[in-house]
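**Q** Task: produce atomic coordinates for the following.
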Amino acid sequence: DSDWAGDPATRRSTTGYVFTLGGAAISWNSQLQRTVAASSVEAEYQATSAAVREALWLRKLAGELGLGSDAIEIRTDSQGAMSLGNNPITSARSKHIDVQHHLVRERVSRREVALSYCSTEDMVADVLTK
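**A** The predicted structure follows:
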């Protein structure tokens with residue numbers, strides 16, 4: 001999850017994510033994003049990118065522990081961020097988003113992660129962006 005331009009001094013957004021296993025939190029993070037996002041979708045996509053990087057590490061750890069390494073579901077309350085991650089075509093409206101964040105697209109296409117929608121009311125990570 002992400003807020004958008006929530007830091008009044010820098011206008012950087014806050015990323016928050018929580019990974020659970022069997023209903024228990026096993027990894028979480030809340031931090032300011034490194035760059036200012038030009039839109040709420042970009043802020044959410046940056047947050048998704050951070051979550052994907054953590055998911056890849058957790059997936060590798062699970063594989064080493066013999067727990068399997070299926071695609072990890074990343075839930076987002078942003079239809080726009082989910083569309084950016086699932087759609088390999090860049091439009092004029094999304095061209096400004098930095099290449100580093102397209103890690104999401106690459107890992108979705110490799111079936112290492114899967115993006116799904118989660119309403120804001122059900123978003124566990126929402127509390128980490130306040």
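**Q** From here on, just use CA atoms for contacts and neighbour counts.
**A** Will do.
**Q** And the strands in the chain?
**A** Secondary structure of the chain (DSSP state E): strands at 14-21, 24-32, 72-76, 113-117.
**Q** Reformat these as a markdown table; add mean neighbour count and distance to residue 57.
**A** A markdown table is the format used below for the strands of the chain (neighbours: other Cα atoms under 10 Å; distance: least, Cα to Cα, whole Å):
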| stretch | mean neighbour count | distance to residue 57 |
| --- | --- | --- |
| strand 14-21 | 21 | 12 |
| strand 24-32 | 14 | 11 |
| strand 72-76 | 20 | 11 |
| strand 113-117 | 19 | 11 |
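**Q** Figure out which of these is closest to residue 124.
**A** When those are compared for distance to residue 124 using Cα to Cα, the nearest one is strand 14-21, at 7.0 Å.
**Q** From the rest of the structure, what touches the closest one?
**A** 1-7, 25-33, 43-44, 46-47, 50-51, 124-129 (Cα atoms under 8 Å, 6 or more residues apart in numbering).
**Q** And stretch 73-84, by the same measure?
**A** For stretch 73-84, the external contacting residues (Cα under 8 Å, 6+ apart) are 1, 41-42, 44-45, 48, 51-52, 90, 94, 105, 113-120, 123.
**Q** what sits against the most centrally placed residue in the chain?
**A** The residue lying closest to the centre of the chain (Cα atoms, centre = their mean) is residue 48, at 1.3 Å. By Cα under 8 Å, 6+ apart, the contact set of residue 48 is 1, 74, 76, 81, 104.
**Q** With residue 60 as the reference, measure out to the first one.
**A** Translated: residue 1. Separation of residue 1 from residue 60 (Cα to Cα, to the nearest Å): 23 Å.
**Q** who has more neighbours, those two?
**A** Comparing residue 1 with residue 60 by other Cα atoms under 10 Å, the one with more neighbours is residue 1, at 28 against 15.
**Q** any idea what sits nearest the more buried one, other than its immediate chain neighbours?
**A** Nearest residue to residue 1 in three dimensions, chain neighbours excluded: residue 16, at 5.2 Å (Cα to Cα, 6 or more residues apart in numbering).
**Q** For the protein, which segments are assigned as helices?
**A** For the chain, the helices defined by DSSP state H cover 40-64, 79-86, 103-109.
**Q** This completes my enquiry, with thanks.
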